[in-house]
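Trainee: my questions are about this predicted structure, shown below with the sequence.
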Amino acid sequence: MKLKRLKRADLPPDSTAMARYLLGKLVVREIEGERLTGRIVETEAYLVGDAACHGFRGPTPRNKALFLERGHAYVYIAYGVSRMLNVAGGSQGAGTGVLIRALEPLAGIAFMQRRRGTERLRELTRGPGRLAQALAIELDLDGTDLCAPGPLWLAEDGAAPPKIGTSIRIGITKDVHRELRFYVRGNPFVSGPRRLNG
DNA sequence: CGGCTGATGATCT
DNA sequence: GATCATCAGCCGG
């Protein structure tokens, strides 16, 4: 089915709603004449007033893209090694957004396998660091408008809305109790321990 | 498969 | 100097 680019007006202004909305949508990466696509199967929302959110203490050189209007990419490096892809949320200056935690690979799988150094499908895009490596998402994409033509954008393909599960977020140490992680129930590409994926 | 641990370096205090 | 929105690899069952 043909891809339709997500419009900014399609994105819910509330980041929790946007995290749910993005499940089942597609990340599209254009690189070296290839088009890589993956379906979003796991997200986490980071909100205004949320101590776990990188925007909590205001803008810095690293997180400034999180303060752009919603639909822009915020890319940063976690633990010195893994790139994390986020979609800025809210209005300009809000400093809130959604972390893309896992994708189901759809197109460009050979490219992803080369990038990841493995043939195994489950290991290509299961987890935020893995998916960024598979799609060659580097810091140069920080601030990219995901609602415009370019190297990285968001799309929908008319798939039916998925069944959504919720849980606490993974890997954080502040505001740990909030149920702001969302995933497609039963999808094998969702990351995290089984107890969170019931 | 589940659980644990060391590596790793950018970022901010 | 501490913190950290992770991962690969190892071990036991």
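Mentor: It's in.
Trainee: got the residues of chain A near DNA strand B?
Mentor: A:57, A:60-63, A:76-81, A:193-195 (Cβ under 7 Å from any atom of the strand). C-beta coordinates here come from the backbone N, C-alpha and C atoms, glycine included.
Trainee: may I ask which of these has the most neighbours?
Mentor: residue A:63 (21 neighbours; other Cβ atoms under 10 Å).
Trainee: where does the residue lying closest to that one once chain neighbours are set aside land on pLDDT?
Mentor: Of all residues not flanking residue A:63 in the chain, residue A:54 sits nearest, at 4.5 Å (Cβ to Cβ, 6 or more residues apart in numbering). Residue A:54 is assigned a pLDDT of 98 by the prediction.
Trainee: ok, the residue in chain A positioned nearest to DNA strand C - how many residues close by?
Mentor: Closest approach between chain A and DNA strand C, counting by Cβ to the nearest atom of the strand: residue A:171, at 1.8 Å. Neighbour count of residue A:171, defined by other Cβ under 10 Å: 15.
Trainee: got a list of what it touches?
Mentor: Residues near residue A:171 by Cβ atoms under 8 Å, 6 or more residues apart in numbering: none.
Trainee: in what helix or strand does it lie?
Mentor: Using DSSP states H and E, residue A:171 sits within no helix or strand.
Trainee: enumerate the residues of chain A near DNA strand C.
Mentor: Counting by Cβ under 7 Å from any atom of the strand, the residues of chain A that sit close to DNA strand C are A:44, A:46, A:52-55, A:66, A:78-82, A:84, A:86, A:97, A:99, A:116, A:123, A:127-130, A:169-174, A:191.
Trainee: just the buried members of the residues you listed?
Mentor: Neighbour-count burial (16 or more other Cβ atoms under 10 Å) applied to these gives A:44, A:46, A:52-55, A:66, A:84, A:86, A:97, A:99, A:116, A:123, A:127-130, A:169-170, A:172, A:191.
Trainee: so residue A:104 touches residue A:38, yeah?
Mentor: Yes. With contact defined as Cβ atoms under 8 Å, residue A:104 counts as touching residue A:38 (6.0 Å).
Trainee: who has more neighbours, the two?
Mentor: A count of neighbours by other Cβ under 10 Å puts residue A:38 above the other of residue A:104 and residue A:38, at 25 against 21.
Trainee: list the beta-bridge partners for that one.
Mentor: residue A:27, residue A:105 (DSSP bridges).
Trainee: next one: it from residue A:81, what distance?
Mentor: In this view, residue A:38 and residue A:81 are 21 Å apart by Cβ to Cβ, to the nearest Å.
Trainee: so what's the residue nearest to the spatial centre of chain A bridging to?
Mentor: A centroid search over chain A (Cα atoms, centre = their mean) returns residue A:100, at 1.9 Å, as the residue closest to the centre. Legend: beta-bridge partners of residue A:100 under DSSP bridges are residue A:43.
Trainee: this completes my enquiry, with thanks.
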